[in-house]
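**Q** 3D model of this:
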Amino acid sequence: MWMRCLALLLLLAPIPAHARQLDVGPDRELKAPSAAAQIAADGDVIRIDPGEYFDCAFWRANRLTIEGAADGVVMTDVSCAGKASFVVDGSDITIRRITFTRVRVGDGNGAGIRAEGRGIVVENSRFINNQVGLLAADMPDGSIVIRDSEFIDNGACNARTCVGALLTGAAMRLEVTHSHFTDTRGGHQIVSAADAMVMTDNTVEDGPQGSSSYLVLHAGPGSVLLQGNTLEKGPNTTNRRAAVLLDAPRGDQGSLVFRANRFINDTGSSASFIVNWTSGNPVLEGNKLAAGDTELTSWGLWRHRAIGFALQTKDDLRHLAGRWGHPAFDALLKLKSRL
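**A** Numbers count the residues shown, from 1 in each chain. Next up, the predicted model:
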């Protein structure tokens, strides 16, 4: 009897769909990545032949692998929905061996990749001369992993803000390994609001032309590990005071470990390796700095907190004035607006 039940269960069990390989190229049926994106299903592998593609794509399926069949795959000049060359809505996506370049949009944050799903891995890829290299939305249950990749000449400023090479919202984890960031303009090179940020064996440098502010800004509530990285502040930086800023506006900081990093200061004046605005105590082990530079400071902390308090008070007063309509609150709003 039990054999009959087992056979019936096997017959009723869903048959897993087999992942397909979708080949893309000028000589293929699918001429451009966007054509593959329209028919891609969960688990598919998209292989793109070398060439220059004036194209953009929405990737909505999950567990995709999107890769260059060989070096020389270039996505250039075109963005989808005013966002990015690749807009990734699917989750657990791997992208490798692709170059993203010259992406521009009207609001100033055109990206090579806009990650809007849950979980993305980028390997052996290049981001060159975009307003943003990679821009990731909040993904509290997902992770962003960057390996063996280059971010060159990214960044832009508009009337409201500046953007840089790699910007991630709230995420479970950001991991950056064996990658190179250089010549970022205007904004911070790497901005993370992840619960955990791990950076190992990377080079993050301004070089002679880069004008970034902080090389790394961590604004998440979790832990940080920077190990074996080389960080260089260049002569054209817009922030000569420090290379790394730690801030935790969303909560208390976890462990903060900086081990065996090298800080190079080419600004012509003394600087700090780390500015700490959190409640945590960084662990500093074996970092190399030039004479005259400091490893750790809390410079600007009280000014930062005062501004934050003033802005919060202004928002609270605006809410009360709108709710009660009292003339006294209108007067206070006018006063606070000058802060």
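**Q** Mean pLDDT per helix and strand in the protein: which one sits at the bottom?
**A** Here the helix or strand of the chain ranked lowest by mean pLDDT, DSSP states H and E is helix 2-12, holding a mean of 45.
**Q** I'd like the next helix or strand past that one.
**A** Counting by DSSP states H and E, the next helix or strand C-terminal to helix 2-12 is strand 21-24.
**Q** Other residues contacting the helix or strand that comes right after that next one?
**A** Of the helices and strands lying after strand 21-24 in sequence (DSSP H and E), the nearest is helix 33-39. Here helix 33-39 makes contact (C-beta atoms under 8 Å, 6 or more residues apart in numbering) with 22, 24, 30, 46, 48, 53, 55-60, 66, 75, 86. C-betas here are computed from N, CA, C, even on glycine.
**Q** next helix or strand past helix 33-39?
**A** strand 45-48.
**Q** for the following helix or strand past that next one, which positions count as buried?
**A** Next in sequence after strand 45-48, counting helices and strands by DSSP H and E, comes strand 51-53. Judged by neighbour count using 16 or more other C-beta atoms under 10 Å, the buried positions of strand 51-53 are Y53.
**Q** Show me the contact partners of strand 51-53.
**A** By C-beta under 8 Å, 6+ apart, strand 51-53 touches G25, P26, A32, P33, G72, V73, V74, M75, T76.
**Q** With distance to A165 and pLDDT added, can I get those in TSV?
**A** Below are the contacts of strand 51-53 laid out as TSV (distance: C-beta to C-beta, whole Å; pLDDT from 0 to 100):
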residue	distance to A165	pLDDT
G25	29	98
P26	30	97
A32	26	98
P33	23	98
G72	22	98
V73	20	98
V74	18	98
M75	17	98
T76	18	98
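**Q** ok, the closest residue to G222 other than its chain neighbours - contacts?
**A** Counting by C-beta to C-beta, 6 or more residues apart in numbering, D195 is the residue found nearest to G222 once chain neighbours are left out, at 3.5 Å. Counting by C-beta under 8 Å, 6+ apart, D195 makes contact with P140, A170, A171, M172, R173, G220, P221, G222, S223, G254.
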